[in-house]
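Chemist: Structure for the following, please:
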Amino acid sequence: MKKKRPGLQDVANQVGVTKMTISRYLRDPSQVSAALGSKIAVALDELGYIPNRAPEILSNATSKAIGVLLPSLTNQVFAEVLRGIESVTDSHGYQTMLAHYGYHPEREEMRLTSLLSYNIDGLILSERNHTERTRKMIEVAGIPVIEIMDSASPCLDLAVGFNNYDAAYQMTKEIIRSGHTHTVYLGARQDERTVIKLQGYQQAMREFGLEPRSICTDRSSSYSLGCELLKEARRVYPDTDSIFCTNDDIAIGAAFECQRQGLHIPKDMAIAGFHGHDIGQSMEPKLTSVLTPREKMGQVAAERLLARLRGETVTPKMLDLGFTIIQGGSI
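Modeler: Next up, the predicted model:
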């Protein structure tokens, strides 16, 4: 049975003051004397008081909370994005309400319904692919929305990210210039960004008169999946001499499989990743990868959202933070 939480009256009874005095202290401790404040703080501690913000949210039509919808909780990319978001929201007295939807637009719709029921003040989304109902709910809510992870795809309101197409295009050209011409793209999840990267890769291959090849799955990324995709690439395309992976997890797994098979990196198999995670920079040879601004993206997204909440005009609508190609020894 759920235990009854101590309320304001319980705290007031213990201190010997009115409920209004406790409420005043919780809103602003400086509104009561230092001596009384100390007594209230001790009582709050002893009772394990948990604030109930529901009445405040309902009465003020504001929650001081930002909804954040992430497609993955296992992908390090989004952990770093969230760290960036919370570095800004924390310092401005905002809470983040986090929901996870596993790259499924229908689940995103369900999670958004729940977040909006808490009267959130703003919303940070990780995808551009939304259901019609999701779009309608956002329109009706009338709150600022910012979409992250891409700076080129059409957005609902504001966007912060980088150009996935160009990043994949530039990395593919790096692989080809290094002398590897039988490059296979390895993709997972088949989410929008994976497909955009595939298109950038294909464009670069065609410009050099080469045949685009890909091995893609809708399974989620992991090191073990990288091993499997490399084996599949070599089975389907025996002359494969290089791979461009949709993320570093796939690339690291593929590197492990190369070691198992006695393949020398990059002479027998060149490997390029995407996102520039620390693990790739700790392997030997270091992984050539696209370094993306994950934490900065979270910070900037939160800053732009809070600026909109303050009534400021935010321009440009779509902000490109750029990317960097890390030259490792893997190609």
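Chemist: May I see the buried residues of stretch 292-300?
Modeler: For stretch 292-300, the neighbour count (16 or more other Cβ atoms under 10 Å) marks Thr292, Pro293, Arg294, Glu295, Met297, Gly298, Gln299, Val300 as buried. Just so you know, the C-beta spots here come from the backbone N, C-alpha and C atoms, and that holds for glycine as well.
Chemist: Of those residues, which is the nearest to Asp10?
Modeler: For the buried residues of stretch 292-300, the residue nearest Asp10 by Cβ to Cβ is Gly298; the value is 38.8 Å.
Chemist: For stretch 172-190, measure first residue to last.
Modeler: End-to-end distance for stretch 172-190, by Cα to Cα, to the nearest Å: 19 Å.
Chemist: Equivalent analysis for stretch 98-118, please.
Modeler: 12 Å.
Chemist: still on that earlier bit, from the buried residues of stretch 292-300, which single one is nearest Arg193?
Modeler: The closest of those to Arg193 turns out to be Thr292 (Cβ to Cβ; 10.4 Å).
Chemist: shouldn't that closest one be in contact with Phe274?
Modeler: Yes. Proximity of Thr292 to Phe274 meets the contact threshold set by Cβ atoms under 8 Å, at 7.5 Å.
Chemist: any common contacting residues for the two?
Modeler: Common neighbours of Thr292 and Phe274, using Cβ atoms under 8 Å, 6 or more residues apart in numbering, are Ala167.
Chemist: which among the buried residues of stretch 292-300 gets closest to Leu210?
Modeler: Distances from the buried residues of stretch 292-300 to Leu210 were compared by Cβ to Cβ; the smallest belongs to Thr292, at 25.4 Å.
Chemist: Got the domain ranges for this structure?
Modeler: The record assigns the chain these domain ranges, following automatic domain parsing: 8-52, 62-162+294-321, 164-291.
Chemist: State the mean pLDDT of the first one.
Modeler: It refers to domain 8-52. Confidence for domain 8-52, expressed as mean pLDDT, is 89.
Chemist: now the helices for the stretch 201-331 of the chain?
Modeler: Remark: helices assigned in the stretch 201-331 of the chain by DSSP state H, counting those that start in this stretch are 223-236, 248-261, 278-282, 294-309.
Chemist: For Gly200, find the nearest of those helices.
Modeler: Taking Cβ to Cβ as the measure, the helices of the stretch 201-331 of the chain were each checked against Gly200, and helix 248-261 came out nearest at 16.2 Å.
Chemist: Pull the residues that contact the closest one.
Modeler: 75, 186, 188, 221-231, 243, 245, 264-265, 268-269, 271-277, 279-280, 283, 287, 289, 330.
Chemist: just for the stretch 51-200 of the chain, where's the confidence low?
Modeler: Screening the stretch 51-200 of the chain residue by residue with the criterion pLDDT under 70, one finds the ranges 52-62.
Chemist: circling back: including distance to Gln202 and pLDDT, could the buried residues of stretch 292-300 go into CSV?
Modeler: Compiled in CSV, these are given as follows (distance: Cβ to Cβ, whole Å; pLDDT from 0 to 100):
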residue, distance to Gln202, pLDDT
Thr292, 20, 97
Pro293, 25, 97
Arg294, 25, 96
Glu295, 30, 97
Met297, 26, 98
Gly298, 30, 98
Gln299, 33, 98
Val300, 30, 98
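Chemist: still on that earlier bit, put the buried members of the contacts of helix 248-261 into a PyMOL selection.
Modeler: Buried members of those, identified by 16+ other Cβ under 10 Å, are gathered into one PyMOL selection as follows:
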select buried, resi 75+186+188+221+222+223+225+226+227+228+229+230+243+245+265+269+271+272+273+274+275+276+277+280+283+287+289+330
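Chemist: Quick one: residues contacting Gly122.
Modeler: Applying Cβ under 8 Å, 6+ apart, the residues contacting Gly122 are Ile66, Gly67, Ile143, Pro144, Val145, Ile146, Leu305, Leu306, Arg308, Leu309.
Chemist: Identify the spatial nearest neighbour of the residue most central in space within the chain, chain neighbours not counted.
Modeler: Using Cα atoms, centre = their mean, the residue of the chain that lies closest to the mean C-alpha position is Phe78, 3.1 Å off. Taking Cβ to Cβ, 6 or more residues apart in numbering as the measure, Phe78 lies nearest to Leu70, with 4.6 Å between them; neighbours along the chain are not counted.
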